[in-house]
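Peer 1: below are the sequence and a predicted model for it; my questions follow.
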Amino acid sequence: MTEQTTEHHHGYMSDKDEYLKRLRRIEGRARGLQRMVEEEKYCIDILTQVSAMTKALQAVGLGLLEDHLGHCVVDAARSGDDAETAAKIKEASDAIARFTR
């Protein structure tokens, strides 16, 4: 009897390099914000950069959410496993609730 294993791939894997690139830019922006505070830059300039960083993080989050819906939720629905489908939908709903707070 041969044991079959199926490797699960997350929905974002096809865009992994793009996500990493975006997150590295955000990381650089965070270091820039630290530098701005250390150098006592004008508060409005810092707030402008905080806003830009927030929008960049939101874009990453929305992309991951879209990937989760399009891959993980769809795969669960296709499997015919109602409990798994309900769990994935609940995960997505909870993520949307956290994301919109």
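Peer 2: Sure thing, it's come through.

Peer 1: off-centre distance for the longest helix seen in the chain?
Peer 2: Criterion DSSP state H: the longest helix present in the chain is helix 43-67. Here helix 43-67 is found 11 Å from its chain centre; the criterion is C-alpha atoms, centre = their mean, to the nearest Å.

Peer 1: and after that helix, which helix or strand comes next?
Peer 2: Later in the chain than helix 43-67, the nearest helix or strand by DSSP states H and E is helix 74-79.

Peer 1: for that following helix, buried residues please.
Peer 2: Neighbour-count burial for helix 74-79, with 16 or more other C-beta atoms under 10 Å as criterion, is recorded at residue 76. For glycine as for every other residue, the C-beta is placed from the backbone atoms N, C-alpha and C.

Peer 1: what sits up against the helix or strand just after it?
Peer 2: Next helix or strand after helix 74-79 toward the C-terminus (DSSP H and E): helix 82-99. Where contact means C-beta atoms under 8 Å, 6 or more residues apart in numbering, the residues beyond helix 82-99 that reach it are 58, 61-62, 65, 68-69, 72-73, 76-77, 79.

Peer 1: any idea of the mean pLDDT in helix 82-99?
Peer 2: For helix 82-99, mean pLDDT is 92.

Peer 1: so the helix or strand encompassing residue 23 versus helix 43-67, what angle?
Peer 2: Taking DSSP H and E as the definition, residue 23 sits inside helix 16-38. Taking axes from the mean of the first three to the mean of the last three C-alpha atoms, to 10 degrees, one finds helix 16-38 and helix 43-67 inclined to each other by 160 degrees.

Peer 1: mind listing what's buried in helix 16-38?
Peer 2: 22, 26, 29, 33, 36.
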